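# Mind folding the following:
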Amino acid sequence: SIREKEISKLEEMIETVIGTLEDVREEVESLEERKKELENLISEKEHQLKEFRKERDSLREKVKNTELELAKVNANYNELVRKLTDLNETPSRAIEIAEGEDSEERVKKELFLVKEKISKLGSINMLAIDEYSKLLERYNELKSQEEDLLNTIKELNGAISRLNSEMEKRILKTFRAVNK
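Numbering: from 1, shown residues only. Next up is the predicted model:
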């Protein structure tokens, strides 16, 4: 009879819709799984970015401290060289500079004090410039990696948005098919 044929046809349509729904559910689950993977990847990249920023800030501080140390050493060195040059210009000139009765003794004493100050400074870190260059190079590497991570995060967020949009479209398409 016609009614049995219609029922049979409807049952076939229901089975088709159920099969389509199951396919859509599997696809949605797959897309959601991919979304979670991308979100985890973003989280990991953000963590890496945070660590790189910490290291970059630490390197900035080291560079700043190294520059200050280098400037101090250079200033002290130049001042001491100037004083020694003034004192060692000639013995007669050094005596003229000194005041009082024991002027030669004062000159010797001042020379001794200046030499003592130089020795108290310790050795001059001649590697400070190389260290500064290496720190600056490392800082630039970290800055580049930070930019790469930011771009990756941006791309991953875009991929998640596209996945969400595609999931919505497919679900709507399936529901429309089911409603027909």
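
# ok, how many other residues are close to residue 61?
The tally of other residues near residue 61 (other Cβ atoms under 10 Å) stands at 11. In this view, the C-beta of every residue, glycine as well, is placed from N, C-alpha and C.

# Kindly apply the preceding question to residue 160 instead.
For residue 160, the tally of surrounding residues (other Cβ under 10 Å) stands at 19.

# And for residue 21?
The burial count assigned to residue 21 is 15, neighbours taken as other Cβ under 10 Å.

# my read: it touches residue 177, true?
No - the criterion here is Cβ atoms under 8 Å, and residue 21 misses it with residue 177 at 9.4 Å.

# Relative to residue 140, how far out is residue 134?
Residue 134 is 11 Å from residue 140, where distance means Cβ to Cβ, to the nearest Å.

# An error on my part: the question was meant for residue 155.
23 Å.

# go on, residue 21?
Taking Cβ to Cβ as the measure, residue 21 falls 54 Å from residue 140.

# ditto for residue 74
24 Å.

# same thing with residue 53?
Distance, residue 53 to residue 140, using Cβ to Cβ: 14 Å.

# all strands for the chain, in order.
In the chain, no strands are found when defined by DSSP state E.

# where are the low-confidence patches of it?
76-77, 79-108, 110-111, 115, 118-119, 121-126 (pLDDT under 70).

# what residues are up against the nearest residue to residue 160 once chain neighbours are set aside?
Once flanking residues are discounted, residue 160 sits nearest to residue 38: 5.2 Å by Cβ to Cβ, 6 or more residues apart in numbering. Residue 38 makes contact with 156, 159-160, 163 under the criterion Cβ atoms under 8 Å, 6 or more residues apart in numbering.

# Can you give me the neighbour number for the residue nearest to residue 139 when sequence neighbours are not counted?
Spatially, and ignoring its direct neighbours in sequence, residue 139 is nearest to residue 59 (4.6 Å; Cβ to Cβ, 6+ apart). Look at residue 59: counted by other Cβ under 10 Å, it has 20 neighbours.
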